[in-house]
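> no sequence on this one, just coordinates:
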């Protein structure tokens, strides 16, 4: 049997390093999932007690009142592990000695703070109601704050030799992207487990890309969000015991859109933005078609209807579970 002393010190240190890294990621995923499994039933009880319920209506496909504060559980299950990891493990707080670590820490802070703003606005809407235009202004404000803290689409590389610099256009371009995806995920949240499941798939895509580009901050964020959504889907898949609510769907849309900008910033390549866009293609195109339909019908862009893709699949006679799986 060959002694471990025969191996070069650098190999042994590298092996131990990546072993610790994998343990941390597994613990992050498991911790976030466990928090979601604990917090979601608590929010079911709280929402029923406070009468924060999504009641049946002409645009609804459910026949009974369902609690709609699931976004609180998702938000808490994501933020708590990430914040604890930053304070508990100084190596991860410095992004594992990455020279870009301090920049990414600012981006992480910007994402959590502005995401918290969007979450809070959605929570107020779920609790007492809020106008569509007010929510839109809050989303634009959060996106603008994120831009000011460095989360911007400054450039996109079409190849190694061709890079498009956006200059001051990076601000309106980033804000448009973030606000559009935020509302796209919010609008697609019409069936049990649909928005949460699509967001989970998008997180998986972005996690693979983060691993490929060695973006430690994004790997931690996506791992925590995957765990959070996995735990939440146990209660959100049909028949749902709780809905995301606006606080959940708006936060998920904002989180994914802003995180995709961070991916693009790290890679400086078109694929950094294209992969998340493809993963979120269903809600994005559903929103675009909804806007086109309302424009042709000369109706308000902020008006609600029952002509989204999930409504049409249900009207075709599909069961909720089948429709959701098809859209997955």
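It's in. Remember, predicted model here, so these are calculated numbers, not experimental data.

> so who does the residue nearest to residue 139 when sequence neighbours are not counted touch?
Nearest residue to residue 139, sequence neighbours excluded (Cβ to Cβ, 6 or more residues apart in numbering): residue 179, at 4.9 Å. All C-beta spots, glycine's among them, are computed from the backbone N, C-alpha and C. Neighbour list for residue 179: 136, 139-140, 143 [criterion: Cβ atoms under 8 Å, 6 or more residues apart in numbering].

> same thing with residue 321?
192, 237-238.

> of those - the most surrounded one?
The most neighbours of any of the contacts of residue 321, using other Cβ atoms under 10 Å, belong to residue 192, which has 25 neighbours.

> just read off the phi/psi values of that one.
As for residue 192, its main-chain torsions (degrees, to the nearest 10) stand at phi -60, psi 120.

> right, and the helix or strand after the helix-or-strand element of the chain with minimal mean pLDDT?
Least confident helix or strand of the chain, by mean pLDDT, DSSP states H and E, is helix 90-93 with a mean of 48. Per DSSP states H and E, the first helix or strand lying C-terminal to helix 90-93 is helix 101-128.

> residues of that following helix that come out buried?
By 16 or more other Cβ atoms under 10 Å, the buried positions in helix 101-128 come out as 101, 104, 107-108, 110-112, 114-115, 117-119, 121-127.

> re the thing from before, how much space separates the residue nearest to residue 139 from residue 287?
11 Å (Cβ to Cβ, to the nearest Å).

> kindly report the same for residue 55.
Applying Cβ to Cβ, the value for residue 55 to residue 287 is 25 Å.

> which one's more surrounded, those two?
Comparing residue 55 with residue 287 by other Cβ under 10 Å, the one with more neighbours is residue 287, at 19 against 11.

> what sits closest to the more buried one if chain neighbours are left out?
Spatial nearest neighbour of residue 287, excluding adjacent residues (Cβ to Cβ, 6+ apart): residue 184 at 4.1 Å.

> neighbours of the one you found, how many?
A count of nearby residues for residue 184, using other Cβ under 10 Å, gives 25.

> that one contacts residue 290, correct?
No: between residue 184 and residue 290 there is no contact under Cβ atoms under 8 Å: 9.3 Å.

> what about stretch 231-238, distance to the chain center?
Offset of stretch 231-238 from its chain centre (Cα atoms, centre = their mean, to the nearest Å): 16 Å.

> how about it, which residues are buried there?
Within stretch 231-238, the residues that qualify as buried are 231-233, 235-238, counting by 16+ other Cβ under 10 Å.

> again with stretch 174-189
So stretch 174-189, judged by 16+ other Cβ under 10 Å, has buried residues 174-175, 177-189.

> neighbour-wise, which of the contacts of residue 179 leads?
residue 143 leads those on contacts (other Cβ under 10 Å) with 28 neighbours.

> spit out the contact partners of residue 122.
Going by Cβ under 8 Å, 6+ apart, residue 122 touches 71, 135, 245-251.

> before we move on, the earlier item: nearest to residue 42, of the buried residues of stretch 231-238?
Taking Cβ to Cβ as the measure, residue 42 lies nearest residue 235 of those, at 10.9 Å.

> all helices of the stretch 101-250 of the chain, in order?
Along the stretch 101-250 of the chain, counting by DSSP state H, counting those that start in this stretch, helices occupy 101-128, 132-148, 170-188, 194-213, 216-236, 245-267.
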